[in-house]
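In: Sequence first, then the predicted structure, then my questions.
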Amino acid sequence: MASDTSIGKQTTRPAFQEFERRNRRGRWYHRLTNAFGLSNGGSLKEKLEEALKSSDENTGGEYFSAEERKLLLNILEFGTLRVDDVMVPRADILSIDENASLDELLKLFAQAGHSRVPVYRGSLDHAYGMVHIKDVIRWMTQTASVDGDEKQEVEATTLDLQCVDLSRSVKSLGLEREILFEPQSTPVAALLRRMQTTRKHLALIYDEFNGIDGLVSIEDLIEPLVGDIEDEHDVVEKPLIVENEDGLIVDARTPLETLNAYLGCELAPPEDDDESETVGGLVLAILGRLPAPGEHVRHPAGVDFEVLDLDQHRIGKVRIHAISHKQAIEKNNPAAVPVKEALLKRGTQAA
């Protein structure tokens, strides 16, 4: 009898848990529809999105907190995101050549503050895997084992780190793990599912020419839902736009839409350019080459970009000036005067 009772508990428990799971999901659905007076007709997603965006703190307050409404909106918008919306751009990827030394790899881990680093052969466009810091530490402790038995448990050995040859190449360590490769158009939700099923939490993103365009970690995929996830190793990023006695200083990585919103005006890329999304990209599109530090690049809408520095063959920061009223009139550009006025309101000097 005891055995039968035990079997009964084992067989009914999963069924009960499934019932509870579906019941919770049903209660959540009814909370949504009741909170905003939604019927079963039409697109529930569209109605929810419209209701959540138009609601103030008092709307649906008895059902959802402000945090819940924000999370719901993020979930609804999650399905529209592509990996190129959340990826780390190529210029900011920290990676290492397979022929680099262990010494260089350790320094890169210390600099990056990440647990995974992509490995390439010759250039990043020929990346083929990644190295995990845990694997490196495990290899070093096994190599530093005094008794020479690499398979013996670490806690049972004495370590002599002088035995570790820091000049060995990354390739010779044999620690590379596979990495995912995805096109720019991959939906964020699809890549998240793929990372979960493959247990590979890093992906390199390639463009239409099969060149590496960016990098995505599982953290990058989750942040659109819950917001920025920061740990003790994350460096507090400096603001992209700074106004001080030196003028209006802008990081070249600043998205154009961010600068436009900050200035309250429109700085559009040249008509023949449909790829510039950052301030640095805009300057390159206007000039047609990499500028030198101190060089001035003028936008027809009434802005002078003074290149302050270069960072590894890319523009670092620029100082923005308003061109003079006379120059704006000479260029016969109706947009120039509003842009100039927007800059002067912020105390930016005319070039």
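Out: Now that the structure is in, tell me what you want to look at.
In: for the chain, what helix or strand is lowest in average pLDDT?
Out: helix 325-330 (a mean of 45; mean pLDDT, DSSP states H and E).
In: tell me which residues in stretch 296-308 are buried?
Out: Buried residues in stretch 296-308, defined by neighbour count with 16 or more other CB atoms under 10 Å: 297-308. In this view, the C-beta of every residue, glycine as well, is placed from N, C-alpha and C.
In: In strands, which of these fall?
Out: Secondary structure from DSSP state E places 297-299, 303-308 of these in strands.
In: can you count the residues close to Glu46?
Out: Glu46: 10 surrounding residues under other CB atoms under 10 Å.
In: Next up, the contacts around it.
Out: Applying CB atoms under 8 Å, 6 or more residues apart in numbering to Glu46 gives no contacts.
In: Please apply the same query to His114.
Out: By CB under 8 Å, 6+ apart, the residues touching His114 are 94, 133.
In: Quick check: His201 vs Ser185, distance?
Out: 21 Å (CB to CB, to the nearest Å).
In: So which of these two has more stuff around it?
Out: The residue with more neighbours, out of His201 and Ser185, is His201; 18 against 10, by other CB under 10 Å.
In: now the more buried one, nearest residue through space, not along the chain?
Out: Of all residues not flanking His201 in the chain, Ile218 sits nearest, at 4.3 Å (CB to CB, 6 or more residues apart in numbering).
In: For stretch 306-319, buried residues please.
Out: For stretch 306-319, the neighbour count (16+ other CB under 10 Å) marks 306-308, 315, 317-319 as buried.
In: repeat for stretch 96-114
Out: By neighbour count on 16+ other CB under 10 Å, the buried set for stretch 96-114 is 96-98, 100-102, 104-106, 108-109, 112, 114.
In: same thing with stretch 178-197?
Out: For stretch 178-197, burial by neighbour count (16+ other CB under 10 Å) applies to 179-180, 182, 186-188, 191-192, 195.
In: Among those residues, which pair sits farthest apart?
Out: Ile179 and Pro187 (19.1 Å; CB to CB).
In: So which residues make contact with stretch 201-218?
Out: 83-84, 86-90, 93, 116, 118, 124-125, 127, 130, 179-184, 186, 191-192, 195.
In: tell me which residues of the host helix or strand of Glu49 are tucked away?
Out: Applying DSSP states H and E as the criterion places Glu49 in helix 44-54. Under the neighbour-count criterion of 16+ other CB under 10 Å, helix 44-54 has 47-48, 51-52 buried.
In: which one in the buried residues of stretch 96-114 is the model shakiest on?
Out: Confidence by pLDDT is poorest for Ala112 among the buried residues of stretch 96-114, given 84.
In: residues in contact with the closest residue in space to that one that isn't next to it in sequence?
Out: Spatially, and ignoring its direct neighbours in sequence, Ala112 is nearest to Leu94 (4.4 Å; CB to CB, 6+ apart). Counting by CB under 8 Å, 6+ apart, Leu94 makes contact with 108, 111-112, 114, 117.
In: roughly how far apart are Leu94 and Ala110?
Out: In terms of CB to CB, Leu94 sits 11 Å off from Ala110.
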